[in-house]
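Peer 1: when you get a sec, could you give me coordinates for this:
(one chain, ligands or ions: 2)
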Amino acid sequence: MKKIAFCNQKGGVAKTTSAINIAAYLALHGKETLLIDLDPQANATSGVGINKREITHSVYNVLHEHIPVDTAITPTDIEKLKIIPSSISLTGAEVELVNVMGREYRLKKALQEMKASFDYVIFDCPPSLGLLTINGLAAADSVIIPIQCEYYALEGLSQLMQTLDLIRDNLNESLFIEGVLMTLADYRTNLTKEVISEVRKYFGDKVYDSIIPRTVKLTEAPGFGKPIAIYDPASIGAKKYENVVKEMLGIKDVVEKEEDTSEKELCPEPVLNKGDDTNGNQECGKETGQGA
Ligand code: ADP
Ligand code: MG
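Peer 2: Ligands and ions are numbered 1, 2, ... in the order given. Predicted coordinates:
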């Protein structure tokens with residue numbers, strides 16, 4: 001069982017989008033996969049079609065009330081993909097767990113006690129380095145770091161690297177970086193190419209060859225509660241996420257070309273303003289987003 005945390009304390013870098021779509025493609029490639037939604041916003045939960053209001057057992061009950069983890073495993077429309085949903089009560093969990101013994105190992109223990117077996121367990125971490133993310137990192141074998149192709153992409157990464165060091169020193173010495181995934185790429189801007197080359201300098205061959213473009217379809221899919229593999233399997237975003245999974249599984253037979261992405265599916269050209277500290281992805285991101 002391989003446990004991978006999708007982690008970056010920055011919001012809006014496509015952690016959730018990547019966790020959903022990579023989990024879905026792992027399942028469609030025959031791997032029994034469990035997605036665990038550790039974010040109180042529950043976007044991974046709704047993104048695979050689970051109605052947030054109908055959840056009876058969530059990761060909150062597992063972490064806080066110590067219910068058997070198997071009772072929280074919920075099926076999705078993809079046969080081999082299951083999810084442990086999040087719920088809004090998870091917002092309180094960071095505070096409530098503070099005085100609990102072994103608070104950092106709650107998730108790890110729960111998974112050790114799990115009866116069901118999976119090939120992959122994918123954690124969608126919240127945009128912070130708080131106790132929920134720490135539970136994810138303590139329980140995981142490895143981390144996938146999604147990085148958005150934008151100004152200041154590398155900002156905050158040293159903090160993330162320090163956190164990973166701290167986790168290795170104190171909670172999980174064998175934690176390693178599985179891969180770095182470049183997201184929200186827009187090759188019409190030089191910026192995207194610059195950021196990719198910077199990140200490649202920093203992380204070397206940890207960076208996946210497949211780079212996820214900024215596309216309308218990827219923004220739309222969660223609103224329908226569907227991974228891109230179901231929503232529009234022929235779209236360029238679908239192909240790129242499937243290629244990441246092929247790289248993960250060592251069955252990659254495609255050479256990545258950036259021209260692949262110069263299609264009508266792309267989002268309108270972003271208005272980039274270097275001095276502006278708002279994220280560049282808003283035009284094609286939050287507007288049609290699934291809502292908090
Ligand atoms: P995070 O989990 O890191 O906060 P999300 O996966 O929620 O990030 O993505 C942030 C926003 O950007 C969401 O509205 C999502 O639909 C959108 N988004 C993510 N990836 C893409 C993409 N490749 N193309 C277009 N929009 C995207
Ligand atoms: Mg998220």
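
Peer 1: where in the chain is pLDDT low?
Peer 2: 252-264, 269-292 (pLDDT under 70).

Peer 1: swap in 80 and give it another go.
Peer 2: Along the chain, the parts satisfying pLDDT under 80 run over 98-101, 252-292.

Peer 1: what parts of the stretch 1-150 of the chain come near ligand 2?
Peer 2: Residues of the stretch 1-150 of the chain that fall close to ligand 2, judged by C-beta under 5 Å from the ion: 15, 16. (C-beta placed from N, C-alpha, C; glycine too.)

Peer 1: which residue ranges of the stretch 1-150 of the chain form helices?
Peer 2: Secondary structure of the stretch 1-150 of the chain (DSSP state H, counting those that start in this stretch): helices at 15-28, 43-47, 59-64, 90-96, 106-112, 131-139.

Peer 1: dump the C-alpha coordinates for the last one into PDB.
Peer 2: This means helix 131-139. Only the C-alpha atoms of helix 131-139 are listed here, as PDB (Å, rounded to 0.1, in the frame of the first residue of the first chain):
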ATOM      1  CA  LEU A 131      -2.200  19.400  12.400                       C
ATOM      2  CA  LEU A 132      -4.300  17.900   9.500                       C
ATOM      3  CA  THR A 133      -1.400  18.300   7.100                       C
ATOM      4  CA  ILE A 134       1.000  16.900   9.700                       C
ATOM      5  CA  ASN A 135      -1.300  13.900  10.200                       C
ATOM      6  CA  GLY A 136      -1.100  13.400   6.400                       C
ATOM      7  CA  LEU A 137       2.700  13.700   6.300                       C
ATOM      8  CA  ALA A 138       3.200  11.500   9.400                       C
ATOM      9  CA  ALA A 139       1.000   8.800   7.800                       C
END
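
Peer 1: helices or strands up against it?
Peer 2: Packing partners of helix 131-139 (3 or more C-beta pairs under 8 Å, 6 or more residues apart in numbering; DSSP states H and E): strand 2-6, helix 90-96, helix 106-112, helix 157-170.

Peer 1: what's the following helix or strand after the longest one?
Peer 2: This points to helix 157-170. Using DSSP states H and E, the helix or strand that follows helix 157-170 in sequence is strand 176-183.

Peer 1: distance check, the closest residue to residue 31 other than its chain neighbours against ligand 1.
Peer 2: Excluding its sequence neighbours, the residue lying closest to residue 31 (C-beta to C-beta, 6 or more residues apart in numbering) is residue 119, at 4.1 Å. From residue 119 across to ligand 1, the span is 23 Å (C-beta to the nearest ligand atom, to the nearest Å).

Peer 1: if we can go back for a sec, what's the most buried one of the helices and strands packed on helix 131-139?
Peer 2: Among those, the stretch with the highest mean neighbour count (mean count of other C-beta atoms under 10 Å) is strand 2-6, at a mean of 23.

Peer 1: relative to helix 15-28, how tilted is that strand?
Peer 2: Between strand 2-6 and helix 15-28, the angle comes out at 150 degrees (axes from the mean of the first three to the mean of the last three C-alpha atoms, to 10 degrees).

Peer 1: quick revisit: wait, which of the helices and strands packed on helix 131-139 is closest to residue 138?
Peer 2: Residue 138 lies closest, by C-beta to C-beta, to one member of those: helix 106-112, at 5.3 Å.

Peer 1: using PDB, write out every CA atom in that closest one.
Peer 2: Extracted C-alpha coordinates of helix 106-112, given in PDB (Å, rounded to 0.1, in the frame of the first residue of the first chain):
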ATOM      1  CA  ARG A 106      -4.100   9.700  14.500                       C
ATOM      2  CA  LEU A 107      -4.400   9.100  10.800                       C
ATOM      3  CA  LYS A 108      -1.400   6.800  10.700                       C
ATOM      4  CA  LYS A 109      -2.900   4.600  13.400                       C
ATOM      5  CA  ALA A 110      -6.300   4.600  11.800                       C
ATOM      6  CA  LEU A 111      -4.800   3.300   8.600                       C
ATOM      7  CA  GLN A 112      -2.800   0.700  10.400                       C
END
